[in-house]
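K.L.:
turn this into a structure:
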Amino acid sequence: MIRSILIILFLILFFLAGIVIWGITWIIGKFDAYKRDIICLRSVQFAFKVVLLISGVKVEVHGEENVPKDEAVLYIGNHRSLFDTVITYARCPRLTGYVSKDSMLKIPFLRIWMKRLHCLFLDRTDIKAGMKMILTGIDQIKNGISMCIFPEGTRSLSEIETEMLPFKEGSFKMAEKSGCPIIPMAMVHTADIFEKHIPFVKGTRVILTYGEPIYVKELEKEQKRHLGSYVQEVIRNMLEEELKL
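P.N.:
This next block holds a predicted model:
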């Protein structure tokens, strides 16, 4: 329980400091928008790394060399914990926006930060809005901003680490239309941090693996037709390999 309290206290302090950071970056943005965004990115990454430190989470990373540093990508990962975003975002080498549920728009200060960090919000009840969100994501990738999606749509509650909810195919249009590589991400043990014993946060060894880039244009016709299922199977195989470690 102490870890949970310390995390809450730290986040309160960060949000207060964020007001100052926001003011400084607003001024910087008048002259250099990219520099403003990088400062925001690194500030949030610092905060996430502190959260992981307080939580006692040890992240073992494999395959980080598979993440291109010179082009935007579409990260695709399995989703079992709120900490999935904390773990993966802390390691993004370049500007990266995450796709989140639209309920996050109801949190004023967080909403401002997420928009500044190029995050997009998905309304699952509005197909037209969903298509508009995908088109915006395609534009962002073409402008050099990576995107990250957990295409299950919500956290998997299964006790089996390799079991995932079906991947939503629409998520992959960003890679298909932009031509960017898909970077599969596989994480195990993230639910052990918080979800399995809410409200307690427990120190956990987590394994994060980045798979080799997947270029849609290089896939076979059947793989392109069922791209979500194909990538999900890649991630499942990665999870099975992680669990052997």
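K.L.:
just the buried residues of the longest helix seen in the chain, please?
P.N.:
Scanning the chain for the helix with the most residues, using DSSP state H, yields helix 2-29. Residues of helix 2-29 classed as buried: 3-4, 7, 11, 14, 18, 25, 28-29 (neighbour count, 16 or more other CB atoms under 10 Å). Every residue, glycine included, has its C-beta placed from N, CA and C.
K.L.:
now the lowest-mean-pLDDT helix or strand in the chain and helix 2-29, what's the angle there?
P.N.:
Within the chain, no helix or strand scores below helix 108-116, which has a mean of 84 by mean pLDDT, DSSP states H and E. Comparing the axes of helix 108-116 and helix 2-29 via axes from the mean of the first three to the mean of the last three CA atoms, to 10 degrees yields an angle of 60 degrees.
K.L.:
contacts for helix 108-116 next, please.
P.N.:
The contact list for helix 108-116, computed with CB atoms under 8 Å, 6 or more residues apart in numbering, reads 15, 18, 22, 25, 37, 40, 44, 98, 100, 104-105, 121.
K.L.:
buried sites along it?
P.N.:
Neighbour counts using 16+ other CB under 10 Å place 110, 113-114, 116 of helix 108-116 among the buried residues.
K.L.:
dump these into a markdown table; add distance to residue 166 as well.
P.N.:
Output for the buried residues of helix 108-116, formatted as a markdown table (distance: CB to CB, whole Å):
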| residue | distance to residue 166 |
| --- | --- |
| 110 | 29 |
| 113 | 31 |
| 114 | 26 |
| 116 | 32 |
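K.L.:
now, among these, which is nearest to residue 199?
P.N.:
Closest approach to residue 199 among the buried residues of helix 108-116 (CB to CB): residue 110, at 19.4 Å.
K.L.:
mind checking how far that closest one is from residue 121?
P.N.:
Look at residue 110 and residue 121: by CB to CB, to the nearest Å, they are 11 Å apart.
K.L.:
list residues touching both of these two?
P.N.:
With contacts taken as CB under 8 Å, 6+ apart, residue 110 and residue 121 have residue 104 as neighbours in common.
K.L.:
sounds good, over and out.
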